[in-house]
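*Asks:* only geometry, no sequence info:
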């Protein structure tokens, strides 16, 4: 292609061979080209079998998580020109999840862990929850306790960066734990004890070794590492004071 | 091949589909087995991209607002093409839905005392849009998805592409899908189905919508002889970021942002003096295109070939932007390196919403040549109940999604509770044929690339079926799309593997978009007036005498047959639409 200025080195998982293919493609990138734009262009014009997950291209759907130049990143939010080192961008799939094909990983376990922490508003009176006649009271300050943790887009980058998750697949992981805290911190929720009981295990909050890498890669600044430490504090308080 | 039996199968996992799943589950006390089928991971559907908010008169009487005024604004915004009984349903139910989502965990922006804040939106007489910063769709999606996880009777099938609706003798029997993870066919047999696959904004190249917004459910319904309604009405959102087309929410203008031309003038003064930047979207999009056509656009090669105008948020101040518009600030900085608190944003109109869709009755029940298809409903953007008519008002879409999601969920549950017997033989027979058809497409080695067809379609829709339309351009588009459809027969799929074949998926989506785009162009060519988002150069006025009617298009012997249907007018008689 004309004006090709960037080399893409792609480690693509070959399902049939159960191994990686190292692909090398050249593409033209402009000032606003994202890594996702470049991948889509390569799929359209060079290699139709190139496989990656994407949808919104605006950093909100959480589809296009992959490892770019060694860092777990969203392809749609990564500017190609800024990412390129000496005109080269290396790309591979996340490694903390089973591989499906190309750059695509299998999220089944990830979604299952999220589900395990009861990630929904728990009310003692369920009928009241589905009564749409009146609002539950919550002020701005109460909202701000959980809001940063509610920004999770379930992209999987945090678990890919987590050293514990990569060595112990039974660890609940930063995504699920951060979501447990999101609901505990919500003044509308009444499921704190249930969740704390469930998380007070070695593969729950106590599995976290606080390397903090989850928070470093989170594209939405959720800070799962903080959420997990706050959970540890909640559990300690709950065990010591029964409150 | 696997055939699974469910009481209800829901196609699509955006706000409408998931709201339907929640309602059907509640309505049956958790007794019905419900399959929610999504071509994406369910929580990633395009509804997550909705930014500005959801309409609803939460506090009647405040700001002189009333349910009736919301209805009037919606009808006027639709350029009188909405069915007014449906509009009344929308406005009556919207406030309850906002409160329900409050209970499910949506962090609505609130004032110091805890009251939900309402913001101004285009075409709305007073502020009546509830919001969670500028990520309203995302937070509503999260709340719904998370809540659904607590229901053990709802099973979510992520990344399943439905390729065939099984409709036999006017009755819904199920749908056939490809499981992306394995490439195997998985058929869902059921007596009750809800289509909730969203719009087809991606049939345009410059669009705010996700790559996944390809109108699959609408095209599948059309293939079964189900009619589509008002397909010529495509909404162009005035403020899409250049060059990507990413949405900059109307809430930016709701919070006070200005539109400026190359001379730095607030040009909306010349087009909608009373509402200025808060006129409805069709009017602002035309204003921007007129400014550009008259030499008052901004050119900058680095931002591509298309000219743009500016959106100015600088005077709002950083604190207000951080509190109410953090997402568009983040997007602008990450995508083009521009901080809207101190620089101008380059924007131009982009395809944003498709008002047309599957022809349904007021309950969302799907109609074929005026007759109901038993057991099949459509909810959300894919369905055309006729709330938005010729032009949707911003923030009415989220209300529509959840209200018709709820209604169709209720209806489907009612049917599924009493009718349990399926037509297993027919389902199996049709699934086997479908499996063969898909494997033939997968095996195709023709010379046409689906991506070439797609980019030619994008070019055609952007340039010939845009904000302003004329007979010559539309006729060209009709001809061109017919040619692309013919060339699709010679398609080649380069990726032959079964697992996660996005090459095959893309080809199927291209076909769906070709089918729907052809309807858009033909219906647009037929409608010889200007109304709402459909603006014809040769017929610049609305013509109620000849054209106060819905377009209905039906596939008959391979041809799109166009007929018309009366608009339901209850309280609001058509009058001149001025802002």
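*Replies:* Sure thing, it's come through. Bear in mind the structure is a predicted one, so any value in this text is a computation, not a measurement. Residues are numbered from 1 along each chain as shown, chains lettered A, B, ... in the order given.
*Asks:* all helices for chain A, in order.
*Replies:* A:35-45, A:80-83, A:108-116, A:126-129, A:140-146, A:157-161, A:163-167, A:173-184, A:192-199, A:213-217, A:224-241 (DSSP state H).
*Asks:* In JSON lines, list those helices along with mean pLDDT, mean neighbour count and distance to chain B.
*Replies:* The way it works is simple: take the backbone N, C-alpha and C, and place the C-beta from them, glycine included. Shown next, in JSON lines, are the helices of chain A (pLDDT from 0 to 100; neighbours: other Cβ atoms under 10 Å in any protein chain shown; distance: least, Cβ to the nearest Cβ, whole Å):
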{"stretch": "helix A:35-45", "mean pLDDT": "98", "mean neighbour count": "21", "distance to chain B": "4"}
{"stretch": "helix A:80-83", "mean pLDDT": "95", "mean neighbour count": "18", "distance to chain B": "9"}
{"stretch": "helix A:108-116", "mean pLDDT": "98", "mean neighbour count": "18", "distance to chain B": "5"}
{"stretch": "helix A:126-129", "mean pLDDT": "91", "mean neighbour count": "12", "distance to chain B": "5"}
{"stretch": "helix A:140-146", "mean pLDDT": "93", "mean neighbour count": "16", "distance to chain B": "5"}
{"stretch": "helix A:157-161", "mean pLDDT": "98", "mean neighbour count": "27", "distance to chain B": "14"}
{"stretch": "helix A:163-167", "mean pLDDT": "96", "mean neighbour count": "16", "distance to chain B": "19"}
{"stretch": "helix A:173-184", "mean pLDDT": "98", "mean neighbour count": "27", "distance to chain B": "7"}
{"stretch": "helix A:192-199", "mean pLDDT": "97", "mean neighbour count": "18", "distance to chain B": "12"}
{"stretch": "helix A:213-217", "mean pLDDT": "98", "mean neighbour count": "21", "distance to chain B": "15"}
{"stretch": "helix A:224-241", "mean pLDDT": "97", "mean neighbour count": "17", "distance to chain B": "16"}
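*Asks:* Can you pull the domain assignment for chain A?
*Replies:* Listed domain ranges for chain A are A:6-105, A:108-241 (source: automatic domain parsing).
*Asks:* Only the buried residues of stretch B:351-361, if you could.
*Replies:* B:351-360 (16 or more other Cβ atoms under 10 Å in any protein chain shown).
*Asks:* contacting residues around the most centrally placed residue in chain A?
*Replies:* Most central in chain A under Cα atoms, centre = their mean is residue A:156, positioned 2.8 Å from the mean C-alpha point. Contact analysis of residue A:156 by Cβ atoms under 8 Å, 6 or more residues apart in numbering or on different chains lists A:62, A:65, A:94, A:96-97, A:105, A:107, A:110, A:175.
*Asks:* want to throw the helices of chain A into CSV with distance to residue B:367?
*Replies:* Formatted as CSV, the helices of chain A follow (distance: least, Cβ to Cβ, whole Å):
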stretch, distance to residue B:367
helix A:35-45, 37
helix A:80-83, 48
helix A:108-116, 37
helix A:126-129, 35
helix A:140-146, 43
helix A:157-161, 45
helix A:163-167, 50
helix A:173-184, 42
helix A:192-199, 46
helix A:213-217, 49
helix A:224-241, 48
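*Asks:* right, so of those, which gets closest to residue B:89?
*Replies:* Minimum separation from residue B:89 across these (Cβ to Cβ) falls at helix A:126-129, 24.0 Å.
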